[in-house]
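Engineer: Build me a model:
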Amino acid sequence: MFDIDTALECLNKFDSKDSYLGPTIEKLFAGLHTAIVKKDLRTAWDLVDRIQEVCYQYGVVTECAEADVKLSRIVLDLGDLERTEELLEGASGRYSSFRHQQGIAIWMLGCVLWQIPGRENDAIVTWRESIRIFQFILKCQFAAESAPGIRGNTAPVIFGNAAPP
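Structural biologist: All right, here's what the predicted structure looks like:
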């Protein structure tokens, strides 16, 4: 199965950048990882809050969305399913113009919902939404590659901010 960790590894897989996080957020994430290794949960939770605060005050949409996705994985390990759900819902909304990342965030949300008793149907619906997004991306890419006179990967230009059907 395509689990939450595999999905996270694919977040920016097809972009020109490995990450959209700026140096300030990266530094805060490094501190967060150190706090977790040291099992300093108070500092870890403070840094989760600080990353969100800094990102929302100064970050760009892609940076905030990526921070939320990466924070969601950490928060899940810290045992807060509700906050993990909120982070992934926020990220999927911020990624509305970035279909690949949006599909990943929505898939991860399904993985989280699957772990919440009574939310299995929500997880399935969420996974279907993610699949629909990726099917749309593939359809656009196929159309771009099949169009006469168009060469290379132009799918992002063609579907841009369009919503899947």
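
Engineer: you'd agree Gln101 is up against Leu88?
Structural biologist: No: Gln101 lies out of contact with Leu88 (C-beta atoms under 8 Å); the separation is 11.5 Å. C-beta: built from backbone N, CA, C; applies to glycine.

Engineer: which residues are common contacts for the two?
Structural biologist: Counting by C-beta atoms under 8 Å, 6 or more residues apart in numbering, the contacts common to Gln101 and Leu88 are Val69.

Engineer: Between these two, tell me which one has more neighbours.
Structural biologist: Legend: neighbour count by other C-beta atoms under 10 Å for Gln101 and Leu88, higher for Leu88 (29 against 26).

Engineer: who's in contact with the more buried one?
Structural biologist: Asp68, Val69, Ser72, Ala105, Ile106, Met108, Leu109, Val112.

Engineer: Select the longest helix from the chain.
Structural biologist: helix 120-146 (DSSP state H).

Engineer: Quick check: mean pLDDT of it?
Structural biologist: For helix 120-146, mean pLDDT is 87.

Engineer: Check stretch 19-27 too.
Structural biologist: 94.

Engineer: Show the contacting residues for the residue sitting nearest the centre point of the chain.
Structural biologist: Most central in the chain under C-alpha atoms, centre = their mean is Ala105, positioned 3.5 Å from the mean C-alpha point. Contact analysis of Ala105 by C-beta under 8 Å, 6+ apart lists Ala65, Asp68, Val69, Leu88, Ala91, Ser92, Tyr95.

Engineer: redo that, cut-off 6 Å
Structural biologist: Val69, Leu88, Ala91, Ser92, Tyr95 (C-beta atoms under 6 Å, 6 or more residues apart in numbering).

Engineer: For it, identify the helix or strand it belongs to.
Structural biologist: helix 99-114 (DSSP states H and E).

Engineer: angle of that helix against helix 120-146?
Structural biologist: On the basis of axes from the mean of the first three to the mean of the last three C-alpha atoms, to 10 degrees, helix 99-114 is oriented at 160 degrees to helix 120-146.

Engineer: measure Lys38 to Leu47 for me?
Structural biologist: 12 Å (C-beta to C-beta, to the nearest Å).

Engineer: Who has more neighbours out of the two?
Structural biologist: Leu47 (22 against 10).

Engineer: thought the more buried one was touching His33?
Structural biologist: No: using C-beta atoms under 6 Å, Leu47 makes no contact with His33, being 9.2 Å away.

Engineer: quick one, helices of the chain?
Structural biologist: Under DSSP H, the chain gives helices at 4-9, 23-37, 41-58, 61-77, 81-94, 99-114, 120-146, 155-159.
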